[in-house]
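Novice: Sequence first, then the predicted structure, then my questions.
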Amino acid sequence: MAHIQVTEGIPGIRSLVMFRPESGQYLYELAQVLLRGDSPLSEAERELIAAYVSSRNECMFCMSSHAAAARYLFKDKKHVVDIVLDDYQSAPISNKLKALLTIAGKVQINGKNVLPQDVEEARKHGAGDRDIHDTVLIAATFSMFNRYVDGLASFTPTDPKAYEEMGVRMGENGYVLPTKS
């Protein structure tokens with residue numbers, strides 16, 4: 001049960017955004033820009049970064065929903081998502097994405113943990129300024145989202161089917177402000 005009075009049965013951040021739509025609209029706009037806007041990283045890669053950071057933060061709702069969106073967007077390579085969440089270094093992903101996930105993991109702990117050699121490793125594998133920027137901003141933003149969702153104890157479904165449905169919705173529609181119904 002959430003720590004505040006939100007609409008019952010609405011999971012995760014959606015219930016919190018409905019509680020305060022005047023601030024929530026900006027959170028959704030930020031998510032839309034970060035995960036669906038222009039970027040050298042694919043939408044699937046950006047969802048994967050969000051899921052990875054959420055996993056490290058032990059935010060079950062955000063990890064599960066963004067992993068589902070990443071699976072949807074990766075299509076026939078959806079198995080990659082679970083491998084990354086288990087051990088990204090052994091995952092069948094590019095060295096560039098592995099280097100970016102290393103950076104994301106360091107941002108999740110403390111942004112000051114990102115060292116010049118981490119950035120150089122990413123650059124060595126083809127990452128440009130936008131790749132690095134977008135990775136750091138996604139990692140920082142999702143650390144905040146994770147703390148928002150867990151700090152208010154929002155409803156976290158336990159049925160994996162619920163996340164599959166969210167993944168399809170997020171994959172197809174992006175981040176649209178929920179309305180009260």
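Specialist: Yes, it's here. Numbering: from 1, shown residues only.
Novice: which residues of this protein score low on pLDDT?
Specialist: 179-181 (pLDDT under 70).
Novice: repeat that with 90
Specialist: 1, 176-181 (pLDDT under 90).
Novice: Could you check how far A50 is from V119?
Specialist: The gap separating A50 from V119 is 20 Å, by Cβ to Cβ, to the nearest Å. Glycine gets a C-beta too; all of them are placed from N, C-alpha and C.
Novice: And R147, by the same measure?
Specialist: R147 sits at a distance of 25 Å from V119 (criterion: Cβ to Cβ).
Novice: So for these two, which residue has more residues nearby?
Specialist: Using other Cβ atoms under 10 Å, the more surrounded residue of R147 and V119 is V119, with 16 against 12.
Novice: I'd assumed I132 was in contact with the more buried one.
Specialist: Yes. At 6.1 Å, V119 and I132 qualify as touching, with contact defined as Cβ atoms under 8 Å.
Novice: and the gap between the spatially most central residue of the chain and A68?
Specialist: Centroid-nearest residue in the chain, with Cα atoms, centre = their mean: A50, separated by 2.0 Å. A50 is 11 Å from A68, where distance means Cβ to Cβ.
Novice: same thing with L101?
Specialist: 18 Å.
Novice: coming back round to it: what's the nearest residue to the residue nearest to the centre of the chain if we skip its chain neighbours?
Specialist: Among residues not flanking A50 along the chain, H66 sits closest, at 4.2 Å (Cβ to Cβ, 6 or more residues apart in numbering).
Novice: and if you look at G12?
Specialist: F61 (4.0 Å).
Novice: count of residues packed around that neighbour?
Specialist: F61: 22 neighbours (other Cβ under 10 Å).
Novice: elements contacting the helix or strand hosting it?
Specialist: In this assignment (DSSP states H and E), F61 forms part of helix 60-74. Judged by 3 or more Cβ pairs under 8 Å, 6 or more residues apart in numbering; DSSP states H and E, the packing partners of helix 60-74 are helix 12-19, helix 43-56, helix 79-87, helix 129-151, helix 160-173.
Novice: quick one: it to chain centroid distance?
Specialist: What separates the centre of helix 60-74 from the centre of its chain is 8 Å, taken as Cα atoms, centre = their mean, to the nearest Å.
Novice: Give me the contact list for it.
Specialist: Residues outside helix 60-74 that contact it (Cβ atoms under 8 Å, 6 or more residues apart in numbering) are 11-13, 35, 42-44, 47-48, 50-51, 54-55, 57, 78, 80-82, 85, 142, 145-146, 149-150, 154, 156-157, 160, 163-164, 166-168, 170-172.
Novice: Derive a ChimeraX selection command for the buried subset of these.
Specialist: One line in ChimeraX is enough to select the buried members of those, burial here meaning 16 or more other Cβ atoms under 10 Å:
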select :11,12,13,35,43,44,47,48,50,51,54,55,57,78,80,81,85,142,145,146,149,150,154,156,157,163,166,167,170,171
